[in-house]
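Colleague: need a 3D model of the sequence below.
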Amino acid sequence: MPGPASTTPPATRDYASLAPRIKAWGRALGFQQVGIADTDLGLAERRHTTWLRQGRHGEMDYLARHGTKRSRPGSLVPGTLGVISARMDYRPETGERSWAALRNPAAAFISRYALGRDYHQVLRRRLRQLAERMRGEIGDFGYRVFVDSAPVLEKPLAEKAGLGWIGKHTNLINARAGSWFFLGEIYCDLPLPTDPPARDHCGTCRACMDACPTRAIVAPYVLDARRCISYLTIELKGAIPPALRPLLGNRIYGCDDCQLVCPWNRFARICTEPDFKPRQGLDRATLLDLFAWSEPEFLKRTEGSAIRRIGHCAWLRNLAVALGNGPCSAAVTAALRARLEHPHALVREHVAWALQRQRQRQTRSKCSR
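Modeller: Take a look at the predicted model:
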């Protein structure tokens, strides 16, 4: 845990007055909300353990790799007494524009969180600045910054810090801001006063469950990642199960449907953070445009983006499925055939599937005349 020599002895620090100043400094750095939680995640640990035991994490083995370090902050970072949790909004456009892209089979739909700069870098930098601001005020203290980069149960921590409640789709929802935001944490060895946890306000609503294209929300507050489009297009390294491919539609990187239908997102505001504005025209790109990217072009155009981590082959895999789900055209058939001899078997398999779908659609079209 970094920090220079202390200028304020811990025994004389006024933690009660420090907490509201931390929140004010966080807002000045671009966070919409900052809260403070303790480290007791017993209930979340039991739920997480059950979820893993059921195998609902799919191939995301890293979620089970660190044992209880994920749910016990003091085990991950010895000496941790509290967690500063922060949220930063990212919604780049209205729901109407997102729905319009989803309804256009030629459009490439990318989860709106990934249209701008990689949020890991943005939030990590701001959280470090917040920690440095604290250090400048109180002197040395132990801390570590996390942004989806270590075994951390960020949503239960944010819920305990009062930032929102975990909805039935398992995303965090804020009653005044919806769910279009990122989360980050500072683990620290300061005995800061904690905020009251948020209360669940989902009630009897099941809009997210009914809207999920693959029925991945198998029960309220239970997501089976193996069916989730975000998992299938981002986390899954191999082939997308054939039975699920038609359900992906034109979603090539992630899925926002559960957020788009959530009634609490009527309170979400359009993001003004420059780093989260769409880049490379990804909010209006077509499937054919993106499928034409060579690997060097993919790497260049996704520099500084969260998209880059899936690699070019998975990118082509996802796009091939989306093209197979779309309407027939000579341009689509030609583009798919051009990739039919791709060096990677993963790409070849999904291109062949897409071409078969195109042929089946053409046959049905002729029969119906």
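
Colleague: only C-alpha atoms from now on, for both contacts and neighbour counts.
Modeller: OK.

Colleague: residues near L18, how many?
Modeller: 16 (other C-alpha atoms under 10 Å).

Colleague: residues contacting it?
Modeller: Contacts for L18 (C-alpha atoms under 8 Å, 6 or more residues apart in numbering) come out as L192.

Colleague: name whatever forms a beta bridge with I173.
Modeller: According to DSSP bridges, the partner residues bridging I173 are W165.

Colleague: for it, give me its contacts.
Modeller: Contacts of I173 (C-alpha under 8 Å, 6+ apart): G164, W165, I166, G167, S179, W264.

Colleague: contact partners for the third one?
Modeller: Contacts for I166 (C-alpha under 8 Å, 6+ apart) come out as K155, P156, E159, L172, I173, D200, Y221.

Colleague: need the per-residue pLDDT for it.
Modeller: At I166, the model reports a pLDDT of 98.

Colleague: tabulate the contacts of I173 (JSON lines), appending distance to R135.
Modeller: Formatted as JSON lines, those follow (distance: C-alpha to C-alpha, whole Å):
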{"residue": "G164", "distance to R135": "27"}
{"residue": "W165", "distance to R135": "30"}
{"residue": "I166", "distance to R135": "32"}
{"residue": "G167", "distance to R135": "35"}
{"residue": "S179", "distance to R135": "31"}
{"residue": "W264", "distance to R135": "37"}
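
Colleague: between the residues you listed, which is nearest G136?
Modeller: Using C-alpha to C-alpha, the shortest approach to G136 within those belongs to G164, at 29.6 Å.

Colleague: rewinding a little: most widely separated two among the contacts of I173?
Modeller: Using C-alpha to C-alpha, the two most remote members of the contacts of I173 are I166 and W264, lying 12.4 Å apart.

Colleague: isn't A335 right next to D289, touching?
Modeller: No: A335 lies out of contact with D289 (C-alpha atoms under 8 Å); the separation is 10.0 Å.

Colleague: between those two, who's got more neighbours?
Modeller: With neighbours defined as other C-alpha under 10 Å, A335 and D289 compare such that A335 has more, 18 against 12.

Colleague: how about the more buried one, what does it touch?
Modeller: Per C-alpha under 8 Å, 6+ apart, neighbours of A335: L288, F291, A292.

Colleague: quick one, helices of the protein?
Modeller: With DSSP state H as the criterion, the chain has helices at 15-28, 42-53, 73-76, 95-103, 119-138, 154-160, 207-211, 229-230, 257-260, 287-291, 295-301, 311-325, 330-338, 345-367.

Colleague: and L183, what are its bridge partners?
Modeller: Using DSSP bridges, the beta-bridge partners of L183 come out as R87.

Colleague: S85 is in contact with that one, correct?
Modeller: Yes: L183 lies in contact with S85 (C-alpha under 8 Å); the separation is 7.1 Å.

Colleague: which neighbours do the two share?
Modeller: Common neighbours of L183 and S85 are listed as A158 (criterion: C-alpha under 8 Å, 6+ apart).

Colleague: between those two, who's got more neighbours?
Modeller: More neighbours surround S85 than the other of L183 and S85, with 27 against 24 (other C-alpha under 10 Å).
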